[in-house]
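1. curious how this folds, go ahead:
(2 chains)
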2 protein chains.
Amino acid sequence: MRLSLTQENLSRALASVGRVVAGRSTLPVLANVLLTTDGNRLRLSATNLEIGINYWVGSKIEEQGSLTVPARLFAEFVSSLPHDNIDLEATDTNLTVRTPHYESKINGIAAEEFPTIPEVTTDPLLKLDSDMFRDALAQVVVAASADEARPVLAGVHMYIEDGQLYIVATDSYRLAEKRLSLGDDVTAELSVIVPVRTMQELVRLLGEADGELEMYLDDNQIMFRVGEIELISRLIEGQFPNYRQIIPKQAETSFDIDTAEFSRITKVASLFARESAGSIKLEIKAEGEVSIVSSDSEVGGNKSTAECAVAGEDGEISLNSRYLQDALSVIKSPQVTFAISGKLNPCVLSPAGDDAGDDYLHIVMPLRT
Amino acid sequence: MRLSLTQENLSRALASVGRVVAGRSTLPVLANVLLTTDGNRLRLSATNLEIGINYWVGSKIEEQGSLTVPARLFAEFVSSLPHDNIDLEATDTNLTVRTPHYESKINGIAAEEFPTIPEVTTDPLLKLDSDMFRDALAQVVVAASADEARPVLAGVHMYIEDGQLYIVATDSYRLAEKRLSLGDDVTAELSVIVPVRTMQELVRLLGEADGELEMYLDDNQIMFRVGEIELISRLIEGQFPNYRQIIPKQAETSFDIDTAEFSRITKVASLFARESAGSIKLEIKAEGEVSIVSSDSEVGGNKSTAECAVAGEDGEISLNSRYLQDALSVIKSPQVTFAISGKLNPCVLSPAGDDAGDDYLHIVMPLRT
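-> As a prediction, this is how the structure comes out:
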């Protein structure tokens, strides 16, 4: 293998690919990135056996070939080099890296030892606007479980119904649902659960990549392709909870409030709620005021108040402040609607204001106090 | 105690004072900040028993008094509040904090339990330009030892000789010396060793404070005052090494080089020197080139080269790359001079260029390879 390419392109590719590399693995080659010439491009690949990534970079290929090298060292090295052309040359299992002022030899592992990243060879199931899908996904992944004890909850559920793509996650304490309109001509069928780590990685990749996102599916894998990047992931088997039944149909009390102001009083209250595992109480006054109360603990107590536009009667509910903070952090509209139906039923947050749309719901279960 | 002050002023003071608070201590009150009214100001104090800080903030005092409250909670709480006036009121050992929309009660500890921060009541020994002293100190503290095994090396040595203030630190592997001219009329006598943690804190404080720096000294303490802030520290007893003798008098080989370029090739080389504990070799060619070589190890090897203006003959020396990186990070001039006298003698880095001055030296001991 012998080729040359620009420092900028190689460095950007290595940064993205490096995030997929297995942290600590018993298989040393998983800490490496696979370099393979592919026509007039260099393909960089990495996998942690759950997620695989392929990233193509335009190169001047002098001699075809492939080799794996330690991903972290190679990425750090290339990112430290000046913006210049870089020559790569493989000899046995060594990679020689040359620029006008730098020459390094990196010890690698033969490409044959690298696990095969499965290929998905179907036609694309869906094509989506990258930015729109990234924003949608970022609003949902926050609600997924970090705990693998119930695998389906450590995933993001996507399904199509009546020309709409639903993206849902829940850790059983809160739930986020985003709806994207696909248009009437879309007849694709879809119902999958994708690991949340794949979706978090996809959010980051879409933030860097340009172009339309294509989604491919086969029996037990999903592939996302955007620009010169492919992300391939296993799917989670199992039945996603029938969550629709817990979405409250109507509200006894609701208010519209400035999102930043609501965030701020929640944050202040949470400082005093650490000993009580984040427990805070919202007190809503029909005349137009919401207070967040952290009850007295060893460190002290707090009451934070903001004005808001209330519909309905007085109400109160106890919540985990972290879930409320998470929900507010992903609602990007300047105004947010908060709705409750008594202190034992889940509360619903959604974007408010004229252009907010009705395509996003964030539900938080109450604490029984 | 009852008073009011602005959120900005209180938050800034708490951020500075909070850095001095003891991390984990068996004495709970050391995790607190002491609030004491003092005329028409509020004094905030903290101590970790090695360093003490007093920070005055202009306030509207309604009722004199004092109380201690948990420093971290109070600082986080105040920094989360909007820019507004804040009312503080102490009742027994509780502090009530009120703003138009927030009301908190923080549980404190009586002021009497707070250890006395010693007072230094002498006249000022020296008055110095804050920015100049901060820059000087920042160039020196990097060379002090982090290890308390030899206490004097975990300190910064300051002394006055022939109208010059010398600031020196060494961990026995490298040494930094900065010289500040005080002017002919300064007759003060000084020879102290100040804990490096005090000096690191002083660098930060001087970055935030305005005004001249005053230095006060008594038998076993030093106090720095700038604006409305006092930093009081114990001194380290003992004899600082007689370091002058190790400063090389002349160089067999030296070169001037772009500081950023030298930093960059050092950083790249250091990536390959991790297995060899940072060991790198500089090869200087009299015709105008320096190469940094990391010898082959399990990960690979590297040679990075830069052009430079060499005086003298060819030379080479082995160094710890971290010490070279540290030295280059505090030399702020665009050009730096690097000088050696054989591979067994220390090398000397100093600012180069027309306006660089000759008031700073950074010495690094070679590695014997």
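
2. mind listing residues that contact whichever strand or helix holds A:Thr68?
-> Here A:Thr68 sits within strand A:66-70, counting by DSSP states H and E. The contact list for strand A:66-70 (C-beta atoms under 8 Å, 6 or more residues apart in numbering or on different chains) reads A:1, A:29, A:31-37, A:90, A:93, A:95, A:106-111, A:113-114, B:299. Placement of C-beta: from N, CA and C, glycine included.

3. any idea how far A:Leu137 is from chain B?
-> Distance of A:Leu137 to chain B, given as C-beta to the nearest C-beta, to the nearest Å: 29 Å.

4. now do the SS call for that residue.
-> When classified by DSSP: H, G, I helix; E, B strand; the rest coil, A:Leu137 comes out as helix.

5. could you look up the SS state of A:Arg322?
-> Counting by three-state DSSP, the backbone at A:Arg322 sits in helix.

6. ok, A:Arg174 touching A:Gln325?
-> No: A:Arg174 is not in contact with A:Gln325 according to C-beta atoms under 8 Å; the separation is 11.1 Å.

7. what segments of the stretch 201-350 of chain A are helices?
-> Ranges of helices in the stretch 201-350 of chain A, per DSSP state H, counting those that start in this stretch, are A:259-271, A:321-330.

8. neighbours of A:Arg234, how many?
-> If you count neighbours by other C-beta atoms under 10 Å in any protein chain shown, A:Arg234 ends up with 16.

9. what about it, distance to B:Ala31?
-> Using C-beta to C-beta, to the nearest Å, A:Arg234 is found at 47 Å from B:Ala31.

10. kindly report the same for A:Lys343.
-> As for A:Lys343, its distance to B:Ala31 is 36 Å (criterion: C-beta to C-beta).

11. thinking again about what came up before, just put the helices of the stretch 201-350 of chain A in TSV and tack on mean pLDDT, mean neighbour count and distance to chain B.
-> Below are the helices of the stretch 201-350 of chain A laid out as TSV (pLDDT from 0 to 100; neighbours: other C-beta atoms under 10 Å in any protein chain shown; distance: least, C-beta to the nearest C-beta, whole Å):
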stretch	mean pLDDT	mean neighbour count	distance to chain B
helix A:259-271	94	21	5
helix A:321-330	97	20	12
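
12. now distance to B:Glu316 too, for those, in TSV please.
-> TSV is the format used below for those (distance: least, C-beta to C-beta, whole Å):
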stretch	distance to B:Glu316
helix A:259-271	57
helix A:321-330	55
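
13. which positions in the stretch 251-369 of chain A make contact with chain B?
-> A:264-265, A:267-268, A:271-272, A:296, A:298-306 (C-beta under 8 Å from any C-beta of the partner chain).

14. and for the stretch 101-250 of chain A?
-> Within the stretch 101-250 of chain A, the positions lying close to chain B (C-beta under 8 Å from any C-beta) are A:His101, A:Tyr102, A:Glu103, A:Ser104, A:Lys105, A:Ile106, A:Asn107.

15. can you tell me which of those residues are in helices?
-> Using DSSP state H, no member of these falls within helices.

16. tell me the one of these nearest B:Leu128?
-> Nearest to B:Leu128 among these, counting by C-beta to C-beta, is A:His101 at 41.9 Å.

17. next up, the contacts around that closest one.
-> When contacts are counted by C-beta under 8 Å, 6+ apart, A:His101 touches A:Pro82, B:Ile265, B:Ser304, B:Thr305, B:Ala306.

18. mind listing what A:Ile106 touches?
-> Neighbouring residues of A:Ile106 by C-beta under 8 Å, 6+ apart: A:Val69, A:Pro70, A:Leu73, A:Phe74, A:Phe77, A:Asn94, A:Leu95, A:Thr96, A:Val97, B:Val299, B:Gly300.

19. hang on, I meant A:Ser304
-> A:Arg264, A:Ile265, A:Val268, A:Ala269, A:Ser291, A:Ile292, B:His101, B:Tyr102, B:Glu103.

20. identify the residue nearest A:Arg134 in space, chain neighbours excluded?
-> A:Leu206 (3.8 Å; C-beta to C-beta, 6 or more residues apart in numbering or on different chains).

21. do you know how far the one you found is from chain B?
-> Taken as C-beta to the nearest C-beta, the span from A:Leu206 to chain B is 30 Å.

22. pretty sure that residue sits against A:Asp135.
-> No: A:Leu206 is not in contact with A:Asp135 according to C-beta under 8 Å; the separation is 9.0 Å.

23. neighbour count winner among these two?
-> A:Leu206 (25 against 18).

24. so who does the more buried one touch?
-> A:Ser130, A:Asp131, A:Phe133, A:Arg134, A:Leu137, A:Leu213, A:Val226.

25. closest to B:Ala15 out of those?
-> A:Arg134 (35.1 Å).

26. and the closest one, how many residues sit next to it?
-> A:Arg134 is flanked by 20 other residues according to other C-beta under 10 Å.

27. can you confirm it is in a helix?
-> Yes: A:Arg134 forms part of a helix when assessed by three-state DSSP.

28. my read: it touches A:Gly207, true?
-> Yes: with contact defined as C-beta under 8 Å, A:Arg134 reaches A:Gly207; the gap is 6.2 Å.

29. residue contacts, A:Ala169?
-> A:Ala169 makes contact with A:Val140, A:Val141, A:Val142, A:Ala143, A:Ala144, A:Leu153, A:Gly155, A:Val156, A:His157, A:Leu175, A:Ala176, A:Val196 under the criterion C-beta under 8 Å, 6+ apart.

30. and what of A:Thr36?
-> A:Leu42, A:Arg43, A:Ser45, A:Gly65, A:Ser66, A:Ala111.

31. pLDDT score for the spatially closest residue to A:Leu5 that is not a sequence neighbour?
-> Leaving out its chain neighbours, the residue that sits closest to A:Leu5 by C-beta to C-beta, 6+ apart is A:Ser59, at 4.1 Å. Looking at A:Ser59, its pLDDT is 97.

32. next: A:Gly315.
-> 96.

33. quick one: it and A:Ile340 touch, right?
-> Yes: between A:Gly315 and A:Ile340 there is a contact under C-beta under 8 Å: 5.3 Å.
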